[in-house]
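> this one's structure only:
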């Protein structure tokens, strides 16, 4: 496999920086879809969530903007089981980015599913960047381009981007589950710090939080230090108590805080 060039390394660096500096979590995924379309480049990128058992799926966001008017959910529901890569990820633990050309045979290129997608949104060659998900679920980014397939360089870039997107997904899962009345931004607390705070509230250690959020343990410790400084406290018990008082965390706490 060909090593990434200096330019590609800068693209990955800039992608990571964009993720870390975006203050509004709701804007991160559209930003990522736009960056993927320009960095690879591809004609379109769509974040999907598929439940294989029920045979349903949703397109959560995508670029370019005209995709929001396309019948993506109906395409996914009607043809997901025929898609070689979705079928592969639904039935294996493999989360390596793969190009459709590696998995598809003549049956795919002649199938109703392929022609329906090509007619509706112009899909041709595809690369899927799968994210961590539970068994029977496929969550990831489908990227498409016309005319030519994906190179080793594209696959290597996708592999590096995958780890960044997995981190975003893990933080999103935690932060969306936090019921709160207070506004973290009022205290300068970022969404990533809120994810750490919520997991501290569950009694997790720094090592366990790092594993859950796909980040380094030293990064968790840095987030904890930032939380203590911003809320003007000096330990874990105090930061949780003050967060509840401010409405950043629910009043009931599931674990002891010895």
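Structure's in. What do you need? What you see is a predicted model; the values in this text were computed from it and never measured. Residues are numbered from 1 along each chain as shown.
> just the strands in the chain please.
Along the chain, the segments classed as strands by DSSP state E run 44-51, 56-63, 98-99, 125-130, 137-145.
> now for the lengthiest helix in the chain, which elements pack on it?
For the chain, the helix reaching the highest residue count under DSSP state H is reported as helix 152-176. With contacts defined as 3 or more C-beta pairs under 8 Å, 6 or more residues apart in numbering; DSSP states H and E, the secondary structure elements packing on helix 152-176 are helix 6-21, helix 28-39, strand 98-99, strand 125-130, strand 137-145, helix 191-201, helix 206-213. Quick note: C-beta positions are derived from backbone N, CA and C, even for glycine.
> roughly how far out does that helix sit from the chain middle?
Taking C-alpha atoms, centre = their mean, to the nearest Å, one finds the center of helix 152-176 at 5 Å from the center of the full chain.
> buried residues of that helix, list them for me.
For helix 152-176, the neighbour count (16 or more other C-beta atoms under 10 Å) marks 154-158, 160-162, 164-172, 174-175 as buried.
> tilt between that helix and strand 44-51?
Angle, helix 152-176 to strand 44-51, by axes from the mean of the first three to the mean of the last three C-alpha atoms, to 10 degrees: 50 degrees.
> and the angle for helix 152-176 with strand 125-130?
Compare the direction of helix 152-176 with that of strand 125-130 by the same axes, to 10 degrees and you get 40 degrees.
> got the angle for helix 152-176 vs helix 6-21?
Interaxial angle of helix 152-176 relative to helix 6-21 (the same axes, to 10 degrees): 10 degrees.
> relative to strand 137-145, how tilted is helix 152-176?
Interaxial angle, helix 152-176 versus strand 137-145 (the same axes, to 10 degrees): 140 degrees.
> quick check: mean pLDDT across helix 152-176?
Taken as a whole, helix 152-176 carries a mean pLDDT of 88.
> domains for the protein, by residue range?
Under the assignment named as automatic domain parsing, the residue ranges that make up the domains of the chain are 6-162, 177-245.
> now the first one, how far from the centre of its chain.
Centroid displacement of domain 6-162 relative to its chain, using C-alpha atoms, centre = their mean, is 11 Å.
> same list, the domains of the chain, but as CSV with distance to residue 251 please.
Listed next are the domains of the chain as CSV, based on distance: least, C-beta to C-beta, whole Å:
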stretch, distance to residue 251
domain 6-162, 24
domain 177-245, 5
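> re the thing from before, with respect to residue 34, which of the strands of the chain lies nearest?
Closest approach to residue 34 among those (C-beta to C-beta): strand 56-63, 4.6 Å.
> about what we covered before: now tabulate the helices and strands packed on helix 152-176 in JSON lines and tack on mean neighbour count, distance to residue 227 and mean pLDDT.
As requested, the helices and strands packed on helix 152-176 are arranged in JSON lines below (neighbours: other C-beta atoms under 10 Å; distance: least, C-beta to C-beta, whole Å; pLDDT from 0 to 100):
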{"stretch": "helix 6-21", "mean neighbour count": "13", "distance to residue 227": "17", "mean pLDDT": "82"}
{"stretch": "helix 28-39", "mean neighbour count": "19", "distance to residue 227": "21", "mean pLDDT": "91"}
{"stretch": "strand 98-99", "mean neighbour count": "20", "distance to residue 227": "39", "mean pLDDT": "96"}
{"stretch": "strand 125-130", "mean neighbour count": "23", "distance to residue 227": "32", "mean pLDDT": "96"}
{"stretch": "strand 137-145", "mean neighbour count": "23", "distance to residue 227": "29", "mean pLDDT": "95"}
{"stretch": "helix 191-201", "mean neighbour count": "23", "distance to residue 227": "6", "mean pLDDT": "93"}
{"stretch": "helix 206-213", "mean neighbour count": "18", "distance to residue 227": "12", "mean pLDDT": "94"}
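> dump the ones you listed to CSV, plus distance to residue 70.
Written out in CSV, the entries for the helices and strands packed on helix 152-176 read as follows (distance: least, C-beta to C-beta, whole Å):
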stretch, distance to residue 70
helix 6-21, 25
helix 28-39, 14
strand 98-99, 22
strand 125-130, 15
strand 137-145, 12
helix 191-201, 29
helix 206-213, 33
